[in-house]
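Asks: this one's structure only:
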Ligand code: SER
């Protein structure tokens, strides 16, 4: 990894992953690929920034050539709730965009990280201790694109030798950039609302268990899997990775340890609930642990402590900025 392109660089994961890659590999060597979402000043000013719409293969080609890119973190994607509302857009970005990216990677011999998701599973998958290799018949458009994406990435590796690698991310909790329309977004919003209003109305029901992960671990997973010696990998696209599994009641109880007056109530969104019910309660990530040493750092209590600390400062600063 010398010259890196991150697509979807201004998104929830991209914004933090790009900064970490710049810290490790040098600011000038990591290109922030942006499209619809505006980058933060920090992202824009700390290294090269290019508009890269993955639907436009020429734009991808041009940027890869211009910066002599050898590794792409392809994060540009449509999340699950938006994909249900706009299936055509989801197919176009998640499949046609990925196809373009893989074609350019084949031509320029780039390694490619492509995130898959818990969304690649469905109601007929064993939902407890979901194995690495199991039934994948998702019922959401997002899931359809994620399974097809996993297969396409493995195909490009087997057929053309493109070094594709990926993980099945669970819900990602972060405090810099908000997620953009996923089923697991509640697990981020609950922290913001706990600090701002001390109450939260959740759009998934109590008892909805899903895998989750704090952003530092999500970034670690992406970088670690791309840095590991290829000879160690039996699987490629994509590895189950998880750090914790909780339902809204459990995260609310953890928040209450810091904000005792916090309350939660429920207004279930049927579309999101149906998606969440079809996803694993908790995945078995032993293949990632064995093949490339995956080991998350943050549990629910540690993440909650950090989220509340970071957001308490950030939201006070935001308040002061908006009232000036
Ligand atoms: N966080 C994603 C979503 O909810 C899951 O991959 O869409």
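Replies: Great, that's in hand. Given the structure is predicted, the values throughout are model-derived calculations rather than measurements.

Asks: and the closest residue to residue 116 other than its chain neighbours, what is it in contact with?
Replies: Distances taken as C-beta to C-beta, 6 or more residues apart in numbering place residue 238 nearest to residue 116, at 3.7 Å, with adjacent residues excluded. For glycine as for every other residue, the C-beta is placed from the backbone atoms N, C-alpha and C. Neighbouring residues of residue 238 by C-beta atoms under 8 Å, 6 or more residues apart in numbering: 114-116, 120, 150, 153, 165-168.

Asks: from the residues you listed, which two are the most distant?
Replies: Spanning the widest gap among those are 120 and 165, at 15.1 Å by C-beta to C-beta.

Asks: what residues does the stretch 51-200 of the chain have near the ligand?
Replies: 79-80, 117-119, 142, 169, 171, 182-184 (C-beta under 6 Å from any ligand atom).

Asks: so for whichever helix in the chain runs longest, mean pLDDT?
Replies: The single longest helix within the chain, with elements called by DSSP state H, is helix 300-323. pLDDT averaged over helix 300-323 equals 86, rounded to a whole number.

Asks: that helix - contacts with which helices or strands?
Replies: The contact analysis (3 or more C-beta pairs under 8 Å, 6 or more residues apart in numbering; DSSP states H and E) places helix 300-323 against helix 186-196, strand 210-214, strand 244-246, helix 248-256.

Asks: next SSE downstream of the helix or strand in which residue 64 is found?
Replies: Here residue 64, judged by DSSP states H and E, is contained in helix 57-66. Per DSSP H and E, the first helix or strand lying C-terminal to helix 57-66 is strand 71-74.

Asks: which other helices and strands contact the very next helix or strand once past that next one?
Replies: Note on strand 71-74: by DSSP H and E, the next helix or strand toward the C-terminus is helix 80-85. Judged by 3+ C-beta pairs under 8 Å, 6+ apart, the packing partners of helix 80-85 are helix 87-91, helix 141-160, helix 270-277.

Asks: just the closest residue of the protein to the ligand, please.
Replies: residue 182 (2.6 Å; C-beta to the nearest ligand atom).

Asks: disregarding residues adjacent in the polypeptide, which is nearest to that residue?
Replies: residue 79 is the one closest to residue 182 (C-beta to C-beta, 6+ apart), at 3.8 Å.

Asks: now do residue 200
Replies: Nearest one to residue 200, counting by C-beta to C-beta, 6+ apart, is residue 193 at 4.2 Å.

Asks: now for the one you found, how many residues are close by?
Replies: 18 (other C-beta atoms under 10 Å).

Asks: now do the one 4 residues further on
Replies: By the measure other C-beta under 10 Å, the count of residues near residue 197 is 11.

Asks: same question, residue 281
Replies: Residue 281 has 19 nearby residues by other C-beta under 10 Å.

Asks: so who does it touch?
Replies: Counted by C-beta under 8 Å, 6+ apart, residue 281 has contacts 127-128, 209-211, 245.

Asks: buried set for the host helix or strand of residue 290?
Replies: Secondary structure from DSSP H and E places residue 290 in helix 286-292. For helix 286-292, the neighbour count (16 or more other C-beta atoms under 10 Å) marks 287-288, 291-292 as buried.

Asks: compile the residues you listed into a markdown table and extend it with columns for pLDDT.
Replies: Shown next, in a markdown table, are those (pLDDT from 0 to 100):
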| residue | pLDDT |
| --- | --- |
| 287 | 98 |
| 288 | 98 |
| 291 | 98 |
| 292 | 98 |
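
Asks: would you format those residues as a markdown table with distance to residue 98 included?
Replies: Shown next, in a markdown table, are the buried residues of helix 286-292 (distance: C-beta to C-beta, whole Å):
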| residue | distance to residue 98 |
| --- | --- |
| 287 | 22 |
| 288 | 21 |
| 291 | 23 |
| 292 | 22 |
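
Asks: nearest to residue 201, of those?
Replies: Once C-beta to C-beta is applied, the member of these that ends up nearest residue 201 is residue 288, at 34.7 Å.

Asks: which residues of the stretch 201-324 of the chain score low on pLDDT?
Replies: Filtered on pLDDT under 70, the stretch 201-324 of the chain yields the residue ranges 319-324.

Asks: apply 50 and report the result again.
Replies: The stretch 201-324 of the chain contains residues with pLDDT under 50 at 323-324.

Asks: interface residues of it facing the ligand?
Replies: Counting by C-beta under 6 Å from any ligand atom, the stretch 201-324 of the chain has no residue next to the ligand.
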